[in-house]
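[1] sequence first, predicted model second:
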Number of protein chains: 2
Amino acid sequence: MQNFVFQNPTKLVFGKGMIAKLAELIPAGCRLMITFGGGSVKRNGVYEEVCAALAGRTWTEFWGIEPNPSIETLRKAIAQGKAEGVDFLLAVGGGSVIDGTKLISAGLRYEGDAWDLVRRGSWSDTVPLGTVLTLPATGSEMNSGAVISRLETREKYAFYSNFPRFSVLDPEKTFTLPEHQVACGLSDTFVHVMEQYMTTTGQSRVMDRWAEGLLQTVVEIAPKILGRERDYDLMADFMLTATMGLNGFVALGVTQDWATHMIGHELTALHGLTHGATLAIVFNGTLRVLRDQKRGKILQYGARVWGITEGTEEERIDRTIARTEEFFRSLGLSTRLSEEGIGEETIAEIERRFNASGVAHGEAKNVTGAVARRILEACR
Amino acid sequence: MQNFVFQNPTKLVFGKGMIAKLAELIPAGCRLMITFGGGSVKRNGVYEEVCAALAGRTWTEFWGIEPNPSIETLRKAIAQGKAEGVDFLLAVGGGSVIDGTKLISAGLRYEGDAWDLVRRGSWSDTVPLGTVLTLPATGSEMNSGAVISRLETREKYAFYSNFPRFSVLDPEKTFTLPEHQVACGLSDTFVHVMEQYMTTTGQSRVMDRWAEGLLQTVVEIAPKILGRERDYDLMADFMLTATMGLNGFVALGVTQDWATHMIGHELTALHGLTHGATLAIVFNGTLRVLRDQKRGKILQYGARVWGITEGTEEERIDRTIARTEEFFRSLGLSTRLSEEGIGEETIAEIERRFNASGVAHGEAKNVTGAVARRILEACR
């Protein structure tokens, strides 16, 4: 096990009716801005519940944080927040709204252009932030990370600032989510866990078991959820798994990978694909190309998550990779670039970007532009 | 899944050499008191490392917090701390030193006798506290609980105050622990998880998997550790499992039991048995007496942790309970009261105490004095 320092101060407020707790979670007398996405919260009752919880308070609203939140939009929110002296933020929505609001919380305390902060990679002086999560997927509700895009240049970067002070998660609010968003949320959760698990064996028995427990849970709940079952405990498990998948709880003392994400981010930046959908394509390529490096862990994952224990090692690895691709297909997602009309031009551009960055990704820091090309070709 | 609010702010500083981080973890200029147990930290190098990390600082020391820390001892520490204006505490030792220091941290901010706080059950106004853990077992390093005894009246109660601000865990410091302490630590960890898991099925797939992951880890590492293997990763897994077993991470949205602990505390109060040793005895009685209430979870536990999947339900439950008792015996611990010379007199006294308290324990609040008697008779 590697040395580590871990701290996650976010207060998780989980369950039906918990939005009503906002009144005690948000300090009285603060100058509050509430941020939203495109308006689904007005159709699913979340907006009404938030307003009811905060009855008697005043606040300002910022609407229109888009999927893959852009600096272009967030600059407007920061300008509005500065003009109104905002000192507390409440993000109401999915991971994109929360990610965007993390940059707003930093931008409110920075005099220059907030894109500087994104390129810097992190910023710790922030306005406090709470969230009401409506879409289980990114884990942003209980971590300090965000991913911010720049439309102008089709760039997309990770940015780290503050943990939400609290996050309210009401599984009932997920019942009306569109099927594709649910599928992408399941894919995102699965690959988040994989980025922290699919490395080398023998680093931590506990972390392995916990990561496998999350993967097993996703595998167990996915067909039920996609079969339109909407029982409370099922969606509660989905919501809790997505949060636990990227709050640091399965990353203690183990190496991480994230090469699949780095490639996936480029696919989103270049083609606008939903994040979870890019992962469903790329991850299979990653497994195929890094098969030898990850062989011990692929065998362990195959045995413990899919029950694949018969045959030679090569056969078990083949079956495990195939079973994983099949799982993503069962979510109704593409697993090949060609299905999304993506070909050589994009592969060449991603190779170029990886090479230009001068950074090699992945657990072994060996995913260069050339390796990213091989991964993309393997899921072509 | 039940509604829940979760927050755990403790910073975990984990790994070899991490005691050196104390200088940055403890604010410069604070009036520091360091608390210790009986002196093993002078033999295993921990004391030296703490002194080296804090070279150039001044502090006061309090020695002699005993196993099952007593109010009689802690009153002395509180008096010393008050006299010296202490405003930061560092507990260096096992769970007893940390538990005791939690009461000191509350007592320093309370004018009356600290036993009032214990009887009150909780106290939130406290002096900040950090820890250096030397014995994986209680989980006190990452939760807000403590258990405090009163020698005079042979009473023992749980008390809740502050989470440690940080806890330093260096697995290398566990290499020289005596075998009985290691066995009790493994037993304590196993039963902590069980108190949060061995209730009803179907409350949370994630929590079930995570609890089972901790149980599987204990089952896997116990024979190696007891076989005197002392490799770093093994002891790191032990240390991490003990912390994760009682920091709230496996208790999200699920019911808990704790009847075994309530009975075990009485055995410690009346006979001075080590906490983990009492649990190894009582837990088997709990499973036998509450077999019907817990049958679904016993079957799930038997299948997932012990691979017991053949035979009728009754047979599987029988085998699972027997296998669990066998596991505790494999730790070198007693699993029957008679082995410790405990008989009817103690059973009658515990029954009397349970009845006198007017509180029934356990997940279903049905462990009255009469049921506690049946549990104790079942492990006689």
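    Yep, it's here. Residues are numbered from 1 along each chain as shown, chains lettered A, B, ... in the order given.
[2] going by C-alpha atoms from here, please, whenever you check contacts or count neighbours.
    Fine.
[3] who in the stretch 201-350 of chain A is up against chain B?
    Residues of the stretch 201-350 of chain A lying close to chain B by C-alpha under 8 Å from any C-alpha of the partner chain are A:203-206, A:209-210, A:213-214, A:217, A:232-233, A:236-237, A:240-241.
[4] mind running it again at 7 Å?
    Residues of the stretch 201-350 of chain A lying near chain B by C-alpha under 7 Å from any C-alpha of the partner chain: A:204-206, A:209-210, A:213-214, A:217, A:233, A:236-237, A:241.
[5] please name the bridge partners of residue A:34.
    Using DSSP bridges, the beta-bridge partners of residue A:34 come out as residue A:61, residue A:90.
[6] test my guess that it contacts residue A:87.
    No. With contacts counted by C-alpha atoms under 7 Å, residue A:34 stays clear of residue A:87, the gap being 11.2 Å.
[7] find the centremost residue of chain A, please.
    The residue lying closest to the centre of chain A (C-alpha atoms, centre = their mean) is residue A:138, at 2.5 Å.
[8] which non-adjacent residue is nearest that one?
    residue A:95 (5.3 Å; C-alpha to C-alpha, 6 or more residues apart in numbering or on different chains).
[9] for that neighbour, give me its contacts.
    A:137-138, A:140 (C-alpha atoms under 7 Å, 6 or more residues apart in numbering or on different chains).
[10] got those residues as TSV, with distance to residue A:99 and secondary structure columns?
    Shown next, in TSV, are the contacts of residue A:95 (distance: C-alpha to C-alpha, whole Å; DSSP: H, G, I helix; E, B strand; the rest coil):
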residue	distance to residue A:99	secondary structure
A:137	12	coil
A:138	9	coil
A:140	7	helix
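[11] quickly name whichever of these is closest to residue A:175.
    residue A:137 (14.3 Å; C-alpha to C-alpha).
[12] neighbours of the closest one, how many?
    For residue A:137, the neighbour count with other C-alpha atoms under 10 Å in any protein chain shown is 31.
[13] try residue A:96
    Using other C-alpha under 10 Å, residue A:96 has 25 other residues around it.
[14] what do you get for the one 3 residues further on?
    With neighbours defined by other C-alpha under 10 Å, the count for residue A:99 comes to 29.
[15] just the element for it, please.
    For residue A:99, the host element (DSSP states H and E) is helix A:95-107.
[16] quick one: that helix to chain centroid distance?
    13 Å (C-alpha atoms, centre = their mean, to the nearest Å).
[17] with stretch A:337-350 instead?
    23 Å.
[18] who touches it?
    Taking C-alpha under 7 Å, 6+ apart as the rule, stretch A:337-350 contacts A:266, A:281, A:373, A:376, A:379-380.
[19] can you check stretch A:194-214 too?
    A:1, A:193, A:241, A:250-252, A:254-258, A:294, A:296-297, A:305, A:363, B:206, B:209-210, B:213-214, B:217, B:237, B:241.
[20] and what of stretch A:300-313?
    A:212, A:215-216, A:316, A:320.
[21] looking at those, which are in helices?
    A:212, A:215-216, A:316, A:320 (DSSP state H).
[22] how about those residues in CSV, adding pLDDT and neighbour count?
    Formatted as CSV, the ones in helices among the contacts of stretch A:300-313 follow (pLDDT from 0 to 100; neighbours: other C-alpha atoms under 10 Å in any protein chain shown):
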residue, pLDDT, neighbour count
A:212, 98, 23
A:215, 98, 25
A:216, 98, 18
A:316, 98, 19
A:320, 98, 24
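[23] looking at these, which is nearest residue B:175?
    Distances from residue B:175 to the ones in helices among the contacts of stretch A:300-313, taken by C-alpha to C-alpha, are shortest for residue A:212, at 28.9 Å.
[24] against residue A:6, how distant is that closest one?
    21 Å (C-alpha to C-alpha, to the nearest Å).
[25] ditto for residue A:55
    Residue A:55 is 37 Å from residue A:6, by C-alpha to C-alpha.
[26] compare those two and say which is more crowded by neighbours.
    Using other C-alpha under 10 Å as the criterion, residue A:55 and residue A:6 rank with residue A:6 on top: 17 against 10.
[27] state the mean pLDDT of the longest strand along chain A.
    As assigned by DSSP state E, the longest strand anywhere in chain A is strand A:4-14. Strand A:4-14 shows a mean pLDDT of 98.
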